[in-house]
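> Here's a sequence, model it:
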Amino acid sequence: MGINFHITSVREGTIFNVMQFLSLEKVTGILNISFGLNIPKAIVYFVSGNVTTAEFGAVVGDPVLDVLLCQEYSIKEVDFAPGRIGQLNEQALLIRSSSLSGSLLNVSKDVDQCESRPLIYGGLPLVGPNQKKVGSLLDLLHDFGLWADDLVKIPVSTNDKNAPLPQCMLIHRALSKNVISYSTPLVSLRSLRPLLELIHPLSDKESNNLRGYLRSLLPHTRATHMPIERFYAFASAIESIAQRRSQDVGDRARRAIHQLIQNTTKSSEAVNA
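Okay, the predicted model is just below:
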């Protein structure tokens, strides 16, 4: 009987480990990677342990590996189904697949060095040009041909950021110039500094707990913003610590949190107006 599995708890390194395992076991079949309901799946084909092709809509071949490692935090499920592979999509062939571990390590380096990644949040919904609903950023990548004409028209800027995928460079440029925007208000991590200063000094335990909790709430490790829904959870933790300091510190923290939420919401409404 062939290998068949279904993973519903994806953490950093899961995709690397899964693909390495399938390669070592010399399997033939299809690896499906799900980003959640209503978002198309990424598909990777294995033949005798070799990764042959990878597809995610308009993104095909080696760039699919970049998407998977960059947006691993957005992955909800991974499953593998053994079976014979029919005709392969030649446009989706992986050029760097001779050494899977080497390819994944190189992709990991590319992702780490990507200048656009701090603003690329795959699972968050977007508002496109002329207030068109796009779906999530991953939907935009998957159906990039529908939006390419609008995005390539955006003038080049000195603030442009490099990326392994040209699509991500264009998306970052569009986000930076508000041609497209996230429909969910985002809280800048820089804006958290005044809140943290209210509860300083922190004990080692408080510091470690807050740092770990913040990391768990971010879209990915290089993110510079967090969705406001996740900020509510982090703000609750800060307010709890502030209340333990004193009633006055607790009140000041509550007012600062309320003001930050108001400013973030107004800024988002102005961008999406």
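> Name the residues of stretch 215-224 that are buried.
Neighbour-count burial for stretch 215-224 flags L217, L218, P219, H220, R222, A223 (criterion: 16 or more other C-beta atoms under 10 Å). C-betas here are computed from N, CA, C, even on glycine.
> Pretty sure M226 is one of the things the third one touches, is it not?
I take that to be P219. Yes. Taking contacts as C-beta atoms under 8 Å, P219 lies within contact range of M226: 7.0 Å.
> Tell me how the protein divides into domains.
The chain is divided into the following domains under automatic domain parsing: 5-113, 117-182, 186-272.
> Tabulate these (JSON lines), appending mean pLDDT.
JSON lines is the format used below for these (pLDDT from 0 to 100):
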{"stretch": "domain 5-113", "mean pLDDT": "91"}
{"stretch": "domain 117-182", "mean pLDDT": "93"}
{"stretch": "domain 186-272", "mean pLDDT": "94"}
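> what's the closest of the buried residues of stretch 215-224 to S183?
S183 has its nearest neighbour among those in P219, at 14.5 Å by C-beta to C-beta.
> give me the number of residues near the closest residue to the closest one other than its chain neighbours?
Counting by C-beta to C-beta, 6 or more residues apart in numbering, the nearest residue to P219 once its immediate chain neighbours are dropped is Y121, at 4.1 Å. Applying the criterion other C-beta atoms under 10 Å, we find 26 residues in the vicinity of Y121.
> Which of the buried residues of stretch 215-224 fall in helices?
Taking DSSP state H, the ones among these that sit in helices are L217.
> how about the buried residues of stretch 215-224, which pair is most distant?
Among the buried residues of stretch 215-224, L217 and R222 lie farthest apart (C-beta to C-beta), at 14.1 Å.
> for the stretch 101-250 of the chain, what spans make up the helices?
Ranges of helices in the stretch 101-250 of the chain, per DSSP state H, counting those that start in this stretch, are 137-142, 148-152, 166-176, 193-198, 204-217, 228-245, 247-272.
> Residues contacting the shortest one, please?
Identification of contacts with helix 148-152 by C-beta atoms under 8 Å, 6 or more residues apart in numbering yields G128, P129, L170, I171, R173, A174, V179, I180.
> Can you tell me which of these comes closest to I85?
Where the contacts of helix 148-152 are concerned, and distances follow C-beta to C-beta, I85 has its nearest neighbour in I171, at 31.5 Å.
> you'd agree the closest one is up against D139?
No. Under the criterion of C-beta under 8 Å, I171 lies out of contact with D139, with a separation of 11.8 Å.
> what pairs with S34 across the strands?
Residues in a beta bridge with S34, per DSSP bridges, are E77.
> Count the residues that sit near it.
For S34, using other C-beta under 10 Å, the count is 17.
> Contact partners for it?
Counting by C-beta under 8 Å, 6+ apart, the residues that S34 touches are K41, I75, K76, E77, V78, D79.
> can you list those residues in CSV and add distance to K26 and neighbour count?
Formatted as CSV, the entries for the contacts of S34 read as follows, by distance: C-beta to C-beta, whole Å; neighbours: other C-beta atoms under 10 Å:
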residue, distance to K26, neighbour count
K41, 24, 18
I75, 24, 20
K76, 28, 15
E77, 24, 15
V78, 19, 23
D79, 19, 16
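> Now distance to F231 too, for those residues, in TSV please.
Listed next are those as TSV, based on distance: C-beta to C-beta, whole Å:
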residue	distance to F231
K41	29
I75	23
K76	22
E77	26
V78	29
D79	32
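> tell me which of the residues you listed is nearest to G250?
Set against G250, the nearest of the contacts of S34 by C-beta to C-beta is K76 (36.7 Å).
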